[in-house]
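Chemist: the following block contains a protein sequence and its predicted model.
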Amino acid sequence: MVDIPSWVILNFYTFFLLILLLIFQNNTSRLQKGRKYSAILICTLILLFSESIGRIGESHSDNLLYLAYIGYYLIFLLDPVDILFALSYIDCWMDTESSVPRRIFRGAFELFAAINAFFVTISSMFNLKWFFYFENGVYYRGDFFLIRALTLMVFIVLVLLYAIIFRKDLMSEYKNAILILPLFAVTGALAQVFVANIETTYAGISLGCLVIFFFFQSKDKNIDYLTGVLNRRGLDIKMDEMIKNSQTADKNFTAIMMDLDNFKSINDTFGHEEGDKAIKIAAEILVDYFGKNASIGRFGGDEFCVITDNESTSEMEVLIEKSRIKLAHIRDKRGWDKSVDISCGYKVYEYGSGLSREEFSANIDELMYIQKQQHHKKLNRK
């Protein structure tokens with residue numbers, strides 16, 4: 001009977017869990033927070049893989065010691081990055097209050113991650129033995145191993161404290177759920193100290209991601225089920241938040257309302273399944289071009305809304321035109337009617353205007369329908 005090491009079993013199930021979460025996650029949310037959640041999963045997968053090949057190389061040091069060097073180098077390099085992704089994900093669910101102290105904390109952690117990457121790389125390149133090294137195929141801790149490990153542990157605990165201290169900034173319906181990820185990460189890291197020969201840190205992060213997925217990511221009632229972007233409720237909440245922040249912090253923001261021209265022709269010609277595909281494609285285009293610094297949602301039917309801090313009308317025009325060109329390319333490839341296009345209206349919300357969400361949305365909606373009428377007139381002339 002083969003005696004399988006405990007780390008192999010734990011790593012196998014953790015790896016399998018992360019792969020499943022990544023597959024399901026990509027089918028549920030295309031929002032910025034969804035991408036950052038995926039970044040945690042991917043980074044933890046890389047770390048888990050690195051830990052596994054490191055152990056294999058260490059176990060077969062006669063001819064596979066190079067795997068141990070590669071594996072442990074990646075672990076020391078990316079450990080802080082995984083925690084940084086968790087911090088960034090938590091921040092996605094917070095509003096703009098207390099943004100300055102939160103930015104200082106994130107900056108301190110980013111600085112630690114950058115310094116760590118520099119010194120780990122230098123130590124590995126020149127065999128300085130600062131953090132880890134091998135002699136006669138045996139792994140040893142370097143002179144600065146303990147200092148780095150304690151610093152990383154402190155930051156892991158601080159991420160949990162970060163979520164607790166700034167809990168008031170979390171959207172009310174997410175206050176409890178968001179604490180799960182840092183709590184499990186801390187539990188896994190602490191268990192690693194007392195459980196010999198098993199890497200429980202990544203298992204802890206993975207379990208935290210699992211709980212968040214089932215009770216949070218996959219059931220977020222502000223997400224549109226078809227496209228994975230915000231739904232009408234989520235858009236209303238985000239718009240109210242932006243208006244409140246605009247009026248208290250004297251900051252402008254921009255909102256864009258978009259509509260697919262002649263969407264009905266896709267349903268009539270190709271069926272509703274292709275119509276659903278067109279809606280998904282439109283959402284993906286908006287996420288690709290606007291998603292990094294904007295909130296994107298499906299307002300209803302074939303209408304979408306983009307809310308962004310960007311006040312530059314010239315940049316908005318460029319991004320809108322890129323979106324239209326991309327849609328036209330896909331339209332021609334899939335054989336949709338030539339009249340399928342994007343009509344939009346956008347407006348900068350000025351903090352002194354005093355407009356309510358309903359009034360501001362009505363203004364943008366009107367601008368969108370003006371362009372839609374222009375597109376119809378142009379099509380009729382043709």
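Modeler: On my side now, so go ahead. Residues are numbered from 1 along each chain as shown.

Chemist: hey, let's count contacts and neighbours off CA atoms from now on
Modeler: Will do.

Chemist: what ranges does the stretch 251-382 of the chain have for its strands?
Modeler: Ranges of strands within the stretch 251-382 of the chain are 253-261, 294-300, 303-308, 341-349, based on DSSP state E, counting those that start in this stretch.

Chemist: same check, this time on the stretch 101-250 of the chain
Modeler: 132-135, 138-141.

Chemist: the strands of the stretch 251-382 of the chain: lowest mean pLDDT?
Modeler: For these, mean pLDDT drops lowest on strand 294-300, to a mean of 88.

Chemist: single out the most deeply packed of the strands of the stretch 101-250 of the chain.
Modeler: strand 132-135 (a mean of 16; mean count of other C-alpha atoms under 10 Å).

Chemist: what sits up against it?
Modeler: Residues outside strand 132-135 that contact it (C-alpha atoms under 8 Å, 6 or more residues apart in numbering) are 127, 139-142, 145.

Chemist: the strands of the stretch 101-250 of the chain into a markdown table, with extra columns for distance to residue 295?
Modeler: Converted to a markdown table, the strands of the stretch 101-250 of the chain look like this (distance: least, C-alpha to C-alpha, whole Å):
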| stretch | distance to residue 295 |
| --- | --- |
| strand 132-135 | 43 |
| strand 138-141 | 45 |
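
Chemist: nearest to residue 7, of these?
Modeler: Residue 7 lies closest to strand 138-141 among the strands of the stretch 101-250 of the chain, at 16.8 Å (C-alpha to C-alpha).

Chemist: what packs against the closest one?
Modeler: Strand 138-141 is packed against strand 132-135, with contacts defined by 3 or more C-alpha pairs under 8 Å, 6 or more residues apart in numbering; DSSP states H and E.

Chemist: mean confidence score for the strand it packs on?
Modeler: For strand 132-135, the mean pLDDT works out to 90.

Chemist: quick one: strands adjacent to it?
Modeler: With DSSP bridges as the test, strand 132-135 is paired with strand 138-141 (antiparallel).

Chemist: what residues does the partner strand touch?
Modeler: Strand 138-141 has contacts (C-alpha under 8 Å, 6+ apart) with 58, 61, 131-134.

Chemist: one more time with 10 Å
Modeler: The contact list for strand 138-141 (C-alpha atoms under 10 Å, 6 or more residues apart in numbering) reads 58-59, 61, 65, 68-69, 72, 129-134.

Chemist: tell me the one of the residues you listed nearest residue 268?
Modeler: Relative to residue 268, and with distances defined as C-alpha to C-alpha, the nearest of those is residue 72, at 57.4 Å.

Chemist: ok, how many other residues are close to the closest one?
Modeler: 24 (other C-alpha atoms under 10 Å).

Chemist: name the helices or strands packed onto the host helix or strand of it?
Modeler: For residue 72, the host element (DSSP states H and E) is helix 61-92. If contacts are counted by 3 or more C-alpha pairs under 10 Å, 6 or more residues apart in numbering; DSSP states H and E, helix 61-92 sits against helix 32-59, helix 99-125, strand 132-135, strand 138-141, helix 145-165, helix 180-194, helix 200-212.

Chemist: worst mean pLDDT among these?
Modeler: helix 180-194 (a mean of 77).

Chemist: which outside residues touch it?
Modeler: In contact with helix 180-194 (C-alpha under 10 Å, 6+ apart) are residues 83, 86-87, 89-90, 152-164, 198-212.

Chemist: try it again at 6 Å.
Modeler: 160, 199-201, 204-205, 208 (C-alpha atoms under 6 Å, 6 or more residues apart in numbering).

Chemist: determine which two of these are furthest apart.
Modeler: Of all pairs in those, the most separated under C-alpha to C-alpha is 160 and 199 at 20.0 Å.

Chemist: tell me the pLDDT at residue 381?
Modeler: For residue 381, pLDDT reads 64.

Chemist: re earlier: so the helix holding residue 72 versus helix 145-165, what angle?
Modeler: For helix 61-92 against helix 145-165, the angle by axes from the mean of the first three to the mean of the last three C-alpha atoms, to 10 degrees is 20 degrees.

Chemist: picking up where we left off before, between the contacts of strand 138-141, which is nearest residue 310?
Modeler: Distances from residue 310 to the contacts of strand 138-141, taken by C-alpha to C-alpha, are shortest for residue 72, at 41.6 Å.

Chemist: which residues does that closest one contact?
Modeler: residue 54 are the contacts of residue 72 under C-alpha under 6 Å, 6+ apart.

Chemist: all set, thanks.
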